[in-house]
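Asks: mind folding the following:
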Amino acid sequence: MSANRVPDLDARGLKCPLPVIKLARIAHGLPSGTTLLAFADDPAAEADIPAWARMRGHTVTLERLGEHTAYTVVLG
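Replies: Next up, the predicted model:
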């Protein structure tokens, strides 16, 4: 469960478009199959992160954890 894992990106408190920009920077150059975990509380991230993932060929799952959402991204 992602609630027990330390996130690769803790973007809580950051507003659009910073969560997706920071996640893209972390993902850049990493090999396919790498799994990244990001936390964000900006409602726009729920659209931005999945859209970015689709455009880049990654898969993403969302899990709402109280005040924030956890995004598990598997790089494609």
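
Asks: right, and the helix or strand after the helix or strand harbouring Met55?
Replies: According to DSSP states H and E, Met55 maps onto helix 45-56. Using DSSP H and E, the helix or strand that follows helix 45-56 towards the C-terminus is strand 59-65.

Asks: buried stuff in that next one?
Replies: Along strand 59-65, these residues count as buried under the neighbour rule (16 or more other CB atoms under 10 Å): Val60. Heads up, the C-betas are built off the backbone N, CA and C, glycines and all.

Asks: contact partners for Leu36?
Replies: 8-9, 23, 26-27, 30, 72-73, 75 (CB atoms under 8 Å, 6 or more residues apart in numbering).

Asks: Leu65 versus that one, what's the distance?
Replies: Applying CB to CB, to the nearest Å, the value for Leu36 to Leu65 is 16 Å.

Asks: check Val6 too.
Replies: 14 Å.

Asks: and for Leu30?
Replies: 24 Å.

Asks: try Leu23
Replies: Leu23 is 17 Å from Leu65, by CB to CB.

Asks: ditto for Phe39
Replies: Distance from Phe39 to Leu65, by CB to CB: 8 Å.

Asks: just give me the neighbour total for Ser32.
Replies: Number of residues near Ser32 (other CB atoms under 10 Å) recorded here: 9.

Asks: hmm, which of the contacts of Leu36 are the buried ones?
Replies: Of the contacts of Leu36, these count as buried by 16+ other CB under 10 Å: 8-9, 23, 27, 72-73, 75.

Asks: ok, which pair from the residues you listed is furthest apart?
Replies: Leu9 and Leu75 (13.4 Å; CB to CB).

Asks: list the neighbours of stretch 48-65 that are in contact with it.
Replies: 1-3, 16-17, 19-20, 23-24, 27, 38-40, 46, 69-76.
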